[in-house]
Every structure is written in structure tokens, then in C-alpha cells.
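Asker: only geometry, no sequence info:
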């Protein structure tokens, strides 16, 4: 199988389920907000997600990515069993410890995340969610590592649809934000049981191996700060909004973020297929050129989608929501672009994993995260939730620039001038939009045309290959 076909198949197969998992909540979000007209209620559920997102990577200890990396180290089935078993047992133990800590110190964590002790029960529910969320990762991993796409697609779709249908039913019964929490926990339990049945041989036929554990920790532990930094990017703004402005403003921000994360349809599709592709091709002679091309093309696709959707910002929110929820449009542009920048960071940063220097990824990301927190602290009290969105975007831009500079210096990555020029046009358009200097419809269209002209040869080449592939398939039939 060609590498292009391998990447695209994983992109569209594993990515497809990730896309579905995002589309279903987006489609049902207007229904949920109409059933929960109080933005504060949605803000409380969003904080539940923040807490689970904080504790889960701590429990996983970076071992999910390390397990993926080591799984392809040897072509020995018993070794693969030992890798998955070792990783799963460590994660199980760490998740139990974290769950106990959250429950024992629920008052302290309620004060930290909510600014009050009134939501101690949310901390307890978060603790329960963490143990299932953390253990789902290693138990589900063999399905992806063996490229069992159909299982992933069907299970993910059922889980995503089931989650929101149960939540909507419970909201109708009067459970308010608890409905979303109960549904989330229930679906995670079902998914853990399902994938255990699918992959139990990877955890029963293997044994705990101290040498493998040491290698997993060597790769994984330096990634823990990285995952926590991801959490800082996605969650510190929410904590500061809650403490500075209250859960009502958090609810508005959360809605803006969720709609903006329609861009995650691209990111999640990428993430679904990237790991298998990246590690299965890491020993190819032209791996640097290949990774650089993936980075550039994904970046241009991201910029094109951004320029296409940006002018319709307010219209989208007016069509989907009512009341205060429509105010989420003010953070949409900045948060739409952020997951796409994260995708580019991970492509370039994956080179550190290939050479087993994952700490460089942590350093690159931590600088942007530190800037993000600092800007949140100063901007949120001054300009409200827009300040939080701006801080997130600036932090990601900083991290991407740093990782690209480091990988280029290490001769692990290459970047072309036309991509730099395209990036400048996109951020110039954001400035024009914010300052209202020109018609945003006109500038978005103009900059998109310029980018297309810079890449017209690549577009023609890809179109030609696509037509040739279709012709070959028809001939084969």
C-alpha cells in the first residue's frame, strides 16, 4: 500500500468516527441549549469536562502515546502483548489513585475550579468519570493499532449518538446539567466494556514487564507536562472566566468554543489517522520531507476553511441559538483556528517522538501555555471572554513557531516561504476583522484566492492523481 493511500485511508476511516463524534454534538447543541436556557447550567457542565480533562492525562501518564510507539518497535506478537498489558496496568493503578484523591479533597477542588464549595458533588462525579475515561484509552488502543476501522466507526457513532440522546432525555425529566454528566459517565462505562471484549487478549495474554515499563516511562513521562499544557490551553481560560466573571459567562464562552471547534472536524480526522501513519513510516528515508509536506498541506486546508467560514460568524450563531447564547460569536474566530494550530504543532512535534526527545515538545508547548495563562490573567478582566479567546490563539501561534524553528535546526523539518506567506495573510485577515478596517467578506475571498494561486500547481497535481485513481478503480471493476 502506498504511503499516500495509507495516510488518506486512516485519515478518512479513523478520522471519520472522530468527525461523527463532533458532528453529532454540534447538531444536537441547539436542542440542548433550548432545554437549558440558563447559560450558567451549561457552564457548570463545561467545568465538569474541564476537571475530567485535567485528571485524565495525569492518570494516563503519557503511556498511551508511548504504548503506540513501542507497539511498532518489534514485530513480535508476545512483545506487543506485553507492551499493552504493562501500559494498561500502570494506567489502571494511577487512575484509581487520582479518583480517590479527587473524592477525598472534593471541597478543595470545588474551591479551585468553581471559586466556591457549592459544587463538591460535581468533583465526585468527575472523579468517577476519570477512572473510566483514563482506562478507555489503553483498552481501545489495540483496535486502532490493528487498523480495525469498522469497529471504531460503529462503536464511536453509537457512543456519540447515545450520549446526547440519553442527555436530552434526562434534561427533559428535569435533571438539568446533571443529565449531561450522567450520560457522559454511562457511555464511557459502556465503551470500556465493549473494547475490553474486543481486545482482552492484549491484556490477558501479556505480562507486566519492568523493562518495557521503564521504556514506556522514558517516552511517556516527558509527555505528561505536554498533555497538562494542552489542558491549560483548553481549560485555564474557563477557570479564570468562572472566577472573574461567573458561570454564566463561562456558558456563553463554552458555546462559542463548541461551535468554533467545528474546525476540529479537520483536526479529529487528522488525529484519527496520524499516529498509525506517523510511526509506521518513521523509518522511511524521506520521512522528513514526507512530514513537512503533510504539515504544509494540512495547514493550507485549515487556512482555506477558516477564510471560507469567517465571514458567516454572526449568521451561524443567530441561526442556531437564542438569547445570551448568541453572544458566543465574539470568541468564534479565535477559537476556530486554535485546534488547527494544535494539529500543525503535533505534526512537527511528532519528530521529537521519532528521535525519542519528547521533552523538546514539552518545552515548545510550555512557552506558549505560559504566555496563554499570563494573557488570560490580564485580558479577561479588561475585555471579558474575548480576552480568553485571544490568549488561546496567541499561545498556540507561539508554540507552533517555536517547534518549527527547533525541528528545522535539528534538520527534522522543512518549511517553504509560500506557507509562511499564507500564514501572514490569515493573521492579517484576523486583524482586519477585529479592527473592522475593511469588508471581511472581500478580504477573506481575496486572501483565499491568493493562497490558491500560490498552490495551483499542487492542486492540479493532486486533482490529476485523484482522477487517475478513480479511473483505475473503474477499470478494476
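Answerer: Everything's here; your move. Just so we're clear, the structure is a prediction, and the values are computed from it rather than from any experiment. Residues are numbered from 1 along each chain as shown.
Asker: so how far is residue 208 from residue 90?
Answerer: 8 Å (Cβ to Cβ, to the nearest Å). For the C-beta atoms, the positions are set from N, CA and C on the backbone; glycine is no exception.
Asker: thought residue 199 was touching residue 139?
Answerer: Yes: contact criterion Cβ atoms under 8 Å: residue 199 and residue 139 qualify, at 6.2 Å.
Asker: starting at the chain centroid, how far to stretch 395-404?
Answerer: In terms of Cα atoms, centre = their mean, to the nearest Å, the gap separating the centre of stretch 395-404 from the centre of its chain is 16 Å.
Asker: list the buried residues in it.
Answerer: 395-404 (16 or more other Cβ atoms under 10 Å).
Asker: could you dump the residues you listed to a markdown table with pLDDT, secondary structure and distance to residue 182?
Answerer: Supplementary listing: the buried residues of stretch 395-404 in a markdown table, determined by pLDDT from 0 to 100; DSSP: H, G, I helix; E, B strand; the rest coil; distance: Cβ to Cβ, whole Å:
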| residue | pLDDT | secondary structure | distance to residue 182 |
| --- | --- | --- | --- |
| 395 | 92 | helix | 33 |
| 396 | 90 | helix | 33 |
| 397 | 91 | helix | 38 |
| 398 | 93 | helix | 39 |
| 399 | 91 | helix | 36 |
| 400 | 92 | helix | 38 |
| 401 | 92 | helix | 42 |
| 402 | 93 | helix | 41 |
| 403 | 91 | helix | 39 |
| 404 | 91 | helix | 43 |
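Asker: higher neighbour count, residue 90 and residue 208?
Answerer: residue 90 (21 against 13; other Cβ atoms under 10 Å).
Asker: from residue 211, how far off is the nearest residue to that one once chain neighbours are set aside?
Answerer: Of all residues not flanking residue 90 in the chain, residue 63 sits nearest, at 6.1 Å (Cβ to Cβ, 6 or more residues apart in numbering). As judged by Cβ to Cβ, residue 63 and residue 211 stand 15 Å apart.
Asker: likewise for residue 461?
Answerer: 47 Å.
Asker: how about the helices in the stretch 301-450 of the chain?
Answerer: 313-320, 332-354, 359-383, 385-409, 417-435, 440-454 (DSSP state H, counting those that start in this stretch).
Asker: looking at those helices, which one is packed in the most?
Answerer: helix 332-354 (a mean of 24; mean count of other Cβ atoms under 10 Å).
Asker: could you list every helix and strand in contact with it?
Answerer: Judged by 3 or more Cβ pairs under 8 Å, 6 or more residues apart in numbering; DSSP states H and E, helix 332-354 is in contact with helix 247-260, helix 264-280, helix 287-309, helix 313-320, helix 359-383, helix 385-409, helix 417-435.
Asker: and the third one with helix 313-320, angle?
Answerer: Using axes from the mean of the first three to the mean of the last three Cα atoms, to 10 degrees, the direction of helix 287-309 lies 70 degrees away from that of helix 313-320.
Asker: buried sites along helix 287-309?
Answerer: 287-288, 290-292, 294-296, 298-300, 302-307, 309.
Asker: pull the distance from stretch 170-187 to the chain's centre.
Answerer: With Cα atoms, centre = their mean, you get 23 Å for stretch 170-187.
Asker: how about the helices of the stretch 101-250 of the chain, start to end?
Answerer: 106-114, 120-145, 149-172, 177-199, 201-204, 210-220, 224-231, 237-244, 247-260.
Asker: to residue 390, which of those lies closest?
Answerer: helix 237-244 (9.8 Å; Cβ to Cβ).
Asker: which residues touch residue 381?
Answerer: 244, 387 (Cβ atoms under 8 Å, 6 or more residues apart in numbering).
Asker: give me the mean pLDDT for stretch 118-136.
Answerer: Stretch 118-136 shows a mean pLDDT of 95.
Asker: wait, stretch 171-183
Answerer: Here the average pLDDT along stretch 171-183 is 92.
Asker: the helix or strand residue 464 falls within - what's its average pLDDT?
Answerer: Per DSSP states H and E, residue 464 falls inside helix 456-476. For helix 456-476, mean pLDDT is 70.
Asker: now residue 92: closest residue in space that isn't a chain neighbour?
Answerer: residue 135 (5.9 Å).
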